[in-house]
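Peer 1: Here is the input, now give the coordinates:
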Amino acid sequence: MTLARLIRQFILRHRAAYAGAAVMLTAIAALTVWLPRQIGHLVDAIVRQEVTPDQLGLEIGYLALAGLAIYGLRVAWRLQLYSAAYRIGVEMRASLYEELALQAPRFYQTRRTGELMALATNDIDTIELAVGEAVLAGFDGTVTLVLVVGMMVLGVDWRLAMAALVPFPFLALAFRRISAHVHERSRIALERFSDLNDHAQEAITGVRTLRALGLEAHSSARFSRLTAAAAVAGQDAQRWEALYDPAIGTALSAAAALALALGGWLVWHGELSVGQLTSFGLYLSQLIWPMFAAGWVLSLWERGRAAWDRLRAVLEAPLAVADTGTLGTQPAGDLRLDTVTFSYPGSTRPALEGVSLTVPEGSTLGVTGPTGSGKSTLIRLLARQWSPDAGTLQWGNTPLADHSLAALRGAIAWVPQDPILFSATVGENIALARPEASQAQIEVAAQIAALHEDVLRFPEGYDTAVGERGITLSGGQRQRVAIARALLTDAPLLLLDDALSAVDAETQEHILARLRKERARRTVVLVSHRLSVLANANRIAVLREGMVAESGTHAELLARNGWYARQWRIQQLEGAIDAS
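Peer 2: You can find the predicted model right below:
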């Protein structure tokens, strides 16, 4: 969809506001072109001494009233329309957020956070100006231009009008060339701002790492380079925009010179009155606004087009995981993976290959294996963040793809190894998916996650703010907040992706004991490098190079004396050494 079509659809939705503003602008333009004609008649009447002092005062009063009416109408149309025009910013930010919320990890692998933030702020602000001020200024300038030129041709003298309009075709050619450069330079300026925004976001997020490595000066120097690049790109766009004014001034000066020369000659030969020439001069001065409006509109329009091209690429990006499912009910039953194969984009070998597993409803599946064996990939496929290349995933004999994403993800609670907390209180982070949960329910979830005692030691308990991304909490506390959040959702499928890696053995055992009591009403898929976490699972799958190398209960896998058994002995020995 083009920017022009976007604006047309927006105007149609808000037609009442735009129609009211158009009526007021038309009235302003009509009064504006009436003034020079009336002044010309008044000048001619004064020259012929056909006006009395009382009539002169009355005429001047009419002119003053017209001026006041123009002022009032200009204020009114701005209040009427700008409030409507700015709604597009609200709508576009909402659309962008909805699109980003639906996108899967594949999308974010090719998009930078700073760029997306720039789209939501700087680019949409630029589009707002194109939809609001550019459209209105364009309408105002066009109506004024048509009425003024019409009065010059029909109300004064067509010969003067033709002479005055000679420079304007050359002005149109200049506008076309300048606009092409403004569009390209605006696109570059927006991209440089995205680069700057992205670096600022990364530097602020990783400030502790930068300090630990002594990279403050390096980061600051890069920020300075990006700032300079953004400034140069913005100045380059402004230089081309600045060419509008000289082009307009040159064209208007040439038009005034031609009109004055021809008008003087016509007055000299008695073919034009002084009042008519005065009116024409005033009309010519009124062309200043339409011409400057044209330059301003073109500048805003080209900036808006450049911003819209960037934003449209995100809004129209296809979903990495298509939401084609029609089932809106919460799934239930056994989980089944049948010869599932999956490769990440650009990868030369599958992350999972021919994986077949069954997880009975209410049971726990433990998943382990060497680093890079596909454990987290399995979790992501179950959460439908990716779709398999081959094979099927079923939940209760129904393919996952048959369920809508909203219904499917509403039935899944996922705890990643590095959970994300938000700039809110501990209680609000736990109740993120169930904001209506009572304090008692929040505390029960925290107790299961072995977090409650820690929270009571915080300055404000559950009302303690955790800071951005939970920066005030330890890694283990962040993991336990995420576990409590997942448990509070009461989702039938719980996916724990190495979610106990940052807690000590005693806390781990406490959480696992409470989870075992919960297991009867939940299906749990538990990924961990610590085999002690998986020992009580109903079944354990060992992944190696994306394939199921071993599968069975803890006792069965120990008896086979394979990878699992060797790792168990190593970890037990390490535990004994640490205990001594």
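Peer 1: and Phe458, how many neighbours does it have?
Peer 2: Using other CB atoms under 10 Å, the number of residues around Phe458 comes to 17. In short, each C-beta sits where N, CA and C put it, glycine included.
Peer 1: Contacts only, for the residue nearest to it when sequence neighbours are not counted.
Peer 2: Sequence neighbours aside, Thr464 is the residue nearest to Phe458 in space, at 4.0 Å (criterion: CB to CB, 6 or more residues apart in numbering). Neighbouring residues of Thr464 by CB atoms under 8 Å, 6 or more residues apart in numbering: Thr425, Val426, Val455, Phe458, Thr472.
Peer 1: Which pLDDT value does the model give the residue nearest to the first one when sequence neighbours are not counted?
Peer 2: Translated: Thr425. Excluding the flanking residues, the one nearest Thr425 by CB to CB, 6+ apart is Asp463, at 5.0 Å. Looking at Asp463, its pLDDT reads 88.
Peer 1: Pretty sure Asp463 sits against Gly427.
Peer 2: Yes. Look at Asp463 against Gly427 with CB atoms under 8 Å: they come within range, at 6.4 Å.
Peer 1: Pick out whichever of these two has more residues nearby.
Peer 2: Neighbours were counted for Asp463 and for Gly427 using other CB under 10 Å; Gly427 has more, 20 against 12.
Peer 1: quick one, helices of the stretch 351-500 of the chain?
Peer 2: In the stretch 351-500 of the chain, the helices defined using DSSP state H, counting those that start in this stretch lie at 375-382, 405-410, 426-430, 439-448, 452-456, 475-489.
Peer 1: got JSON lines for those, with distance to Glu99 and mean pLDDT too?
Peer 2: Shown next, in JSON lines, are these (distance: least, CB to CB, whole Å; pLDDT from 0 to 100):
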{"stretch": "helix 375-382", "distance to Glu99": "20", "mean pLDDT": "88"}
{"stretch": "helix 405-410", "distance to Glu99": "13", "mean pLDDT": "82"}
{"stretch": "helix 426-430", "distance to Glu99": "25", "mean pLDDT": "87"}
{"stretch": "helix 439-448", "distance to Glu99": "31", "mean pLDDT": "88"}
{"stretch": "helix 452-456", "distance to Glu99": "36", "mean pLDDT": "86"}
{"stretch": "helix 475-489", "distance to Glu99": "24", "mean pLDDT": "85"}
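Peer 1: Let's have those helices in CSV, adding distance to Gln417.
Peer 2: Compiled in CSV, the helices of the stretch 351-500 of the chain are given as follows (distance: least, CB to CB, whole Å):
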stretch, distance to Gln417
helix 375-382, 8
helix 405-410, 19
helix 426-430, 17
helix 439-448, 19
helix 452-456, 19
helix 475-489, 8
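Peer 1: pLDDT weak spots in the stretch 251-400 of the chain?
Peer 2: Applying pLDDT under 70 to the stretch 251-400 of the chain picks out residues 271-283, 286, 289.
Peer 1: Please identify the buried residues of stretch 308-324?
Peer 2: Neighbour counts over stretch 308-324 (16 or more other CB atoms under 10 Å) mark Trp308, Asp309, Arg310, Leu311, Val314, Ala320, Val321 as buried.
Peer 1: that older thread, wait, which of the helices of the stretch 351-500 of the chain is closest to Gly206?
Peer 2: Distance to Gly206, taken as CB to CB, is lowest for helix 475-489 among these, at 15.8 Å.
Peer 1: Compute the inter-axis angle for that closest one and helix 439-448.
Peer 2: Interaxial angle, helix 475-489 versus helix 439-448 (axes from the mean of the first three to the mean of the last three CA atoms, to 10 degrees): 130 degrees.
Peer 1: Can you get me the start-to-end distance on stretch 313-326?
Peer 2: In stretch 313-326, first residue to last residue: 27 Å (CA to CA, to the nearest Å).
Peer 1: now swap in stretch 517-532 and tell me
Peer 2: 17 Å.
Peer 1: Could you look up the SS state of Ala322?
Peer 2: coil (DSSP: H, G, I helix; E, B strand; the rest coil).
Peer 1: The helix or strand where Ala163 lies - contacts with which helices or strands?
Peer 2: For Ala163, the element it lies in under DSSP states H and E is helix 158-165. Counting contacts by 3 or more CB pairs under 8 Å, 6 or more residues apart in numbering; DSSP states H and E, helix 158-165 is packed against helix 244-268, helix 274-286.
Peer 1: and those helices, which is most packed in?
Peer 2: Of all those, helix 274-286 carries the top mean neighbour count, a mean of 21, counting by mean count of other CB atoms under 10 Å.
Peer 1: buried stuff in whichever helix or strand comes after it?
Peer 2: Once the chain leaves helix 274-286, the next helix or strand it forms, by DSSP H and E, is helix 288-315. Of all the residues in helix 288-315, those buried under the rule 16+ other CB under 10 Å are 289-311, 314.
Peer 1: How about stretch 174-183?
Peer 2: Of the residues in stretch 174-183, those buried (16+ other CB under 10 Å) are Ala174, Phe175, Ile178, Ser179, His181, Val182, His183.
Peer 1: So which of those residues belong to helices?
Peer 2: In helices, judged by DSSP state H, the following of those are found: Ala174, Phe175, Ile178, Ser179, His181, Val182, His183.
Peer 1: any chance of the residues you listed in JSON lines, plus distance to Ile7 and pLDDT?
Peer 2: Converted to JSON lines, these look like this (distance: CB to CB, whole Å; pLDDT from 0 to 100):
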{"residue": "Ala174", "distance to Ile7": "25", "pLDDT": "79"}
{"residue": "Phe175", "distance to Ile7": "20", "pLDDT": "74"}
{"residue": "Ile178", "distance to Ile7": "22", "pLDDT": "78"}
{"residue": "Ser179", "distance to Ile7": "17", "pLDDT": "75"}
{"residue": "His181", "distance to Ile7": "23", "pLDDT": "78"}
{"residue": "Val182", "distance to Ile7": "18", "pLDDT": "76"}
{"residue": "His183", "distance to Ile7": "16", "pLDDT": "75"}
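Peer 1: Turn these into TSV, including distance to Phe168.
Peer 2: Formatted as TSV, those follow (distance: CB to CB, whole Å):
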residue	distance to Phe168
Ala174	10
Phe175	10
Ile178	15
Ser179	16
His181	21
Val182	20
His183	22
